[in-house]
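Participant: here is the input, now give the coordinates:
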Amino acid sequence: MLQHNTLTQLHDDIAARVKTISDNNVDWLCRLGCDGCCRRLAEIPRLTAEEWEWLKIGLAALPQDQLQNIKLGVAALAQQSSRPITCPMLDQVQGACRVYEHRPVACRTYGFYVQRELGVYCKDIEARVAEGAWSEVVWGNHDTIDRRLSHLGETRDLTEWFAIWKG
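Facilitator: Okay, here's the model as predicted:
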C-alpha cells in the first residue's frame, strides 16, 4: 500500500496508532494532564517547514496574551543552556498544550513511538512495561516517521522558526 507523504496523512497515521494503543490500554499514561514529556524536553523541538506552517495556524488562533507568553518562552528557551527544558507552548497550570491540535509530529508520537538508540521514548511508560504492564503494546518506529518528515521541507529548531516569524 502506497502511503501519501503529506503532513495530514502522517497525522492520520500517527492518530491511528495512538488510538489503537490507547483503546487497548485504558490506563495508558499519555492523556490530558500527563505533561512529563513537555516539562522534560532533552532538546529544542525541530520542525519541518510544513509543521511550522501548521503550528502557525494554531498560534494565530490563541488569545494575544497567550501568544505573547509563548513568544517570551521561546525567546528565553533560545538563551537557555541547561537541560531539561519545558515546552513554551505548555499551559503549566492546566498541564495541557495550548496548540494541541496543531502540535508538531514529535509531540504526537512521544509515548507511542520510540528511538531507543537515541533515548527518545517515555521513561515512565517504559518503567510500566518493565513491571509487566502493557506487554502487548507494539511501539511505532520513530525512524520511519523521521524519514517521512524529511520530505516535508527544511527542518529548523522551534526557536529559529520563531526568530524569522513576522506573526
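Participant: other residues contacting whichever helix in the chain runs longest?
Facilitator: Secondary structure of the chain per DSSP state H: the longest helix is helix 7-24. Contacting residues not belonging to helix 7-24 are listed as 3, 28, 30-31, 48, 50-51, 54, 105, 108-109, 112-113, 136-137, 140, 145, 148-149, 152 [CB atoms under 8 Å, 6 or more residues apart in numbering]. All C-beta atoms are positioned from the backbone trio N, CA, C, and that covers glycine.
Participant: count the neighbours of Glu43 for me.
Facilitator: Glu43 has 11 neighbours, counted by other CB atoms under 10 Å.
Participant: ok so, going back, buried sites along the longest helix of the chain?
Facilitator: 7, 10-11, 13-14, 17-18, 21 (16 or more other CB atoms under 10 Å).
Participant: that older thread, in strands only, show me the contacts of helix 7-24.
Facilitator: Cross-referencing the contacts of helix 7-24 against strands under DSSP state E gives 48, 113, 140.
Participant: which residues does the second one contact?
Facilitator: Pointing back at Tyr113 there. If you count contacts by CB under 8 Å, 6+ apart, then Tyr113 has 14, 17, 121, 139-142, 145 around it.
Participant: please repeat the previous calculation with a cut-off of 7 Å.
Facilitator: Residues in contact with Tyr113 (CB atoms under 7 Å, 6 or more residues apart in numbering) are 139-142, 145.
Participant: buried ones among the contacts of helix 7-24?
Facilitator: Counted by 16+ other CB under 10 Å, these give 28, 30, 48, 50-51, 54, 105, 108-109, 112-113, 140, 145, 148-149, 152 as buried.
Participant: out of these, who's nearest Gln92?
Facilitator: Cys30 (17.9 Å; CB to CB).
Participant: surely that closest one meets Gly111?
Facilitator: Yes. Using CB atoms under 7 Å, Cys30 is in contact with Gly111, at 4.0 Å.
Participant: of all residues in this protein, which one is nearest the centre?
Facilitator: The residue lying closest to the centre of the chain (CA atoms, centre = their mean) is Cys107, at 1.0 Å.
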